[in-house]
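1. Give me a 3D structure for the following:
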Amino acid sequence: MTYSRIRTLIEPIDNFLDGGVPENTVTIIQGPVGVGKSTLALNFASGASNNNWKVLFHSARKANAKERAARLCEIKPGKMFDVMEEETIWEAVTDRVLLTRPNLVLIDDYQYVRTKWMNKDEPTRLSMDVGMVKWCQNITQIAPWPISFVLLGYPRKDGSYRGSHEAYALADAVLSIRHTPFRVAGEHKRAIVAEKSRYCVHDTSTLFRFDQEGRLVFEPNESPAPVTETSDTP
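-> Numbers count the residues shown, from 1 in each chain. Below you'll find the predicted structure:
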């Protein structure tokens, strides 16, 4: 099957996805708290927006998403880059998607987005990550414009992922961000590992770090092995 690609202008990520995020697909980016998923996603979103794609970045839990986006993202004039923060009701997210018609939607802490009919304290809400993937897939199938979703989530302290592994089985691609033993100026480098893909070769990885401005710096000439997890998950 041939897919049109949403290029992010982040070469290693576009390479992982065989040229960019395929239209009408769902990708999950997973990793422990503090590893840099949100910062990576904002870099990701900025590149796609500056490459003429309409982007919606939604942060389910963080109140400073707009401030961080303004600080990290160098959006060129005339580009559409919409930021939505502290919204956990997916009907509201759906309304925003239908109103703005973005091509790329990034949802941070996606397991915390729930239907308005579900009590936020219900134990069953941990299964909502599966519901979110299915909801996103439904949107890609019925939307009269090209749209793709990138969902960002994280594991529990015991290493198991919140909700069900079904979500990862349903997604079109899964990327993991991990801490590594390697350091630059006292800071751990991270690794992005392509664990699953329905539309390109996976099981590849690359090292990266963030500079002082929060921008991605990749280390293409260094071996990413060995990659290990640290114990800083909540």
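2. ok, now which ones touch Lys134?
-> Neighbour list for Lys134: Leu170 [criterion: CB atoms under 8 Å, 6 or more residues apart in numbering]. From N, CA and C alone the C-beta is placed, and that goes for glycine too.
3. SS state for it?
-> helix (DSSP: H, G, I helix; E, B strand; the rest coil).
4. what's near enough to touch Val105?
-> Counting by CB under 8 Å, 6+ apart, Val105 has contacts Val55, Leu56, His58, Val97, Cys136, Ile147, Ser148, Phe149, Val150.
5. and with 10 Å instead?
-> The contact partners of Val105, taken as CB atoms under 10 Å, 6 or more residues apart in numbering, are 26, 45, 54-58, 82, 84, 93, 96-97, 136, 139-140, 147-151.
6. Surely Gln147 touches Asn138?
-> Quick fix: residue 147 is Ile, not Gln. No - using CB atoms under 10 Å, Ile147 is not in contact with Asn138; the gap is 11.2 Å.
7. More neighbours: which of these two?
-> Neighbour totals were compared for Ile147 and Asn138, and Ile147 leads with 23 against 11 (other CB atoms under 10 Å).
8. Now do the more buried one against Gln141, distance only.
-> As judged by CB to CB, to the nearest Å, Ile147 and Gln141 stand 10 Å apart.
9. what residues are shared contacts of those two?
-> Asn24.
10. so Ser59 sits right up against Ala45, yeah?
-> No - between Ser59 and Ala45 there is no contact under CB under 10 Å: 11.2 Å.
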